[in-house]
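Student: no FASTA, just this:
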């Protein structure tokens, strides 16, 4: 969750004045501030790759020439104007203006569709020839080197705890996938955050402290929602095995299973054993396989319990945040956010999709 003042959350639960702003930058220099817009939204997606995308209509057609320059980045914000007149804004990402359109006839604005965050630049920066890793470097530092090679000068926030070394890896083509594979191999994730910073961190856990309550009380923010139980894409065993190019395996496969009898997906219960197989060239030791397998299991077994809600907008929320959902019937569930939307208009609501391995609470540390 993006850091906000102590009064921000309470203000969202009361009648409040919404402020939306979109700025355009080129090479770090502001070229168009507080552009007039007539609608839009930011979507935060699950999975790997581009995490945030922007859809926007810019009302001022005269800005076409200003924005029609390669390298322009858009930075939207949403926040609150307090009764004192003070404004608190939350950044919603830094987006490449890769595609824009405008009608040739008068009327209508500039349409921006699915503008990606800075990860798209990493995806485009393919290796032109086989590129070796620095064998003695940590995997976290190699992730940073790969990404900043495509997006130089970016602020890096690296909190991943693994000290595993990269080893003798060689990447053929896909820079972005190489960075993602490295992160997964140490139980971490890599992405660009709301401020456009590069983040390398351990995979989020459901046992984290909840940052927000989505509730249906008198001052609640829950508008509607549904609880879903779906085991079709749920696994309760992860088999992490070495990727060998020589024909000899450097270590035995690591098997991590849900062995908690109180869990819905307990391997000794009616769910049975449903294994998911995972391998990566970056996973060179048994300890590393263990480190990669546990976060994978936490994520894959949590898919069976999902929550979709429509709520009052909290722009500070992010994927990986843990929320408490309190439904009208009094049911309280803990969920980890997978995806969400933030509208760029005074009205509008927020769609949140979340998952949980322990919707009823009592989450063990490390899950």
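Tutor: Done, it's in. Just so we're clear, the structure is a prediction, and the values are computed from it rather than from any experiment.
Student: so in this protein, which helix runs the longest?
Tutor: The residue-count maximum for a helix in the chain (DSSP state H) belongs to helix 286-302.
Student: toward the C-terminus, what is the element adjacent to that helix?
Tutor: The element immediately downstream of helix 286-302 (helix or strand, assigned by DSSP states H and E) is strand 305-311.
Student: ok, residues contacting that following strand?
Tutor: 214, 221-230, 264, 325, 333, 335, 349-357, 359 (Cβ atoms under 8 Å, 6 or more residues apart in numbering). In this view, the C-beta of every residue, glycine as well, is placed from N, C-alpha and C.
Student: low-confidence stretches in the protein?
Tutor: 244-249, 303, 357-367 (pLDDT under 70).
Student: repeat the analysis, applying 80 as the threshold.
Tutor: 107, 218, 230, 243-250, 302-305, 357-367 (pLDDT under 80).
Student: any chance you could map the helices in it?
Tutor: Using DSSP H, helices in the chain cover 6-12, 64-67, 119-124, 139-148, 175-185, 286-302.
Student: which one of those helices lies closest to residue 31?
Tutor: Closest approach to residue 31 among the helices of the chain is made by helix 64-67 (5.9 Å; Cβ to Cβ).
Student: give me the contact list for the closest one.
Tutor: By Cβ under 8 Å, 6+ apart, the list of residues contacting helix 64-67 reads 24, 31, 32, 58, 97, 100, 102, 110.
Student: select from those residues the one having the most neighbours.
Tutor: Highest neighbour count within those: residue 58, with 25 neighbours (other Cβ atoms under 10 Å).
Student: distance of the residue nearest to that residue when sequence neighbours are not counted from residue 57?
Tutor: Spatial nearest neighbour of residue 58, chain neighbours left out: residue 110 (4.1 Å); criterion: Cβ to Cβ, 6 or more residues apart in numbering. Applying Cβ to Cβ, to the nearest Å, the value for residue 110 to residue 57 is 7 Å.
Student: name the residues contacting each of these two.
Tutor: In contact with both residue 110 and residue 57: no residue, using Cβ under 8 Å, 6+ apart.
Student: for residue 182, what are its contacts?
Tutor: Residues touching residue 182, when contacts are defined by Cβ under 8 Å, 6+ apart, comprise 139, 142, 143, 146, 166, 190, 282.
Student: ok, of those, which come out buried?
Tutor: 139, 142, 143, 146, 166, 190, 282 (16 or more other Cβ atoms under 10 Å).
Student: domain-wise, how is the chain divided?
Tutor: Residue ranges for the domains of the chain, per automatic domain parsing: 6-116, 121-202, 237-290.
Student: so which of those domains gets nearest residue 344?
Tutor: Nearest to residue 344 among the domains of the chain is domain 6-116; the distance by Cβ to Cβ comes to 3.9 Å.
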